[in-house]
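Novice: Sequence first, predicted model second:
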Amino acid sequence: MKTLMTVIVVVFFAFLFSRAPSTSAQQTPSTSTIKKVPVQSTSAASGAEMFNAYCAACHGKDAKGDGPAAVELKVVPADLTTLARRHGGKFPTDYVVTVLHNGVQESKAHGSAGMPIWGPLLGSMEGGTASRVDSPKITLRIQNLTRYIASLQAM
C-alpha cells in the first residue's frame with residue numbers, strides 16, 4: 001500500500017508541475033498540497049505515453065533524472081539515457097524489465113528502493129490483483145515501456 005501511495009504522490013506532482021507556471025530552481029513544492037489521485041490508465045501499446053504518465057515526473061520528460069518531483073525524493077532518479085553506456089554499450093533489457101516488475105533492489109549504488117514497483121500497479125489497473133504481475137497485458141506494457149526507454153539511449 002505504501003508503494004501505491006508513493007505512485008499517487010508522484011503522479012500528483014507530475015500533474016501539478018505540468019500545469020504550474022515555471023518557478024525558480026530555488027523554490028520547491030510544499031508537501032502539504034499533495035492530494036491523493038488514482039494512477040491514470042494509458043495505452044499498453046505506447047511506451048512513450050506510459051513513460052510520460054508514470055516515469056517523467058521523477059525521471060524527467062527527457063529521462064535524465066530531473067523531473068519536477070525529483071526535488072522531493074531522497075534518492076536522485078537515474079538518468080535513463082545512460083543505461084546502455086553504464087552497461088558496456090548494450091542496453092540492459094532484462095535489468096529494466098526486472099526493475100519495472102520488481103522494483104529497484106536496495107544497494108549502496110541505488111540507495112533505498114523508492115521507485116514504485118510497476119508490475120503490481122499495472123496489474124491493479126488492468127482489473128486484476130496487485131499481486132499478479134505476469135499477465136500478458138502487463139508483460140506487453142513492460143515490454144513497450146522498456147523498448148521506449150531503450151530508444152532514448154545517448155550513445
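Specialist: Nice, I can see it. Numbers count the residues shown, from 1 in each chain.
Novice: Output the helix or strand where Gly123 lies as CSV - backbone C-alpha positions only.
Specialist: Assigned by DSSP states H and E, Gly123 belongs to helix 118-125. Extracted in CSV, the C-alpha atoms of helix 118-125 (Å, rounded to 0.1, in the frame of the first residue of the first chain):
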residue,chain,number,x,y,z
TRP,A,118,5.2,-1.1,-11.6
GLY,A,119,4.3,-4.7,-12.0
PRO,A,120,1.6,-4.8,-9.2
LEU,A,121,0.4,-1.3,-10.0
LEU,A,122,-0.1,-2.1,-13.7
GLY,A,123,-1.8,-5.3,-12.6
SER,A,124,-4.2,-3.4,-10.4
MET,A,125,-5.0,-1.0,-13.2
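Novice: and that helix, what other elements does it pack with?
Specialist: Packing partners of helix 118-125 (3 or more CB pairs under 8 Å, 6 or more residues apart in numbering; DSSP states H and E): helix 2-19, helix 93-102, helix 136-151. Quick note: C-beta positions are derived from backbone N, CA and C, even for glycine.
Novice: and the angle from that helix to helix 136-151?
Specialist: Interaxial angle of helix 118-125 relative to helix 136-151 (axes from the mean of the first three to the mean of the last three CA atoms, to 10 degrees): 130 degrees.
Novice: average pLDDT across helix 118-125?
Specialist: What helix 118-125 shows for mean pLDDT is 76.
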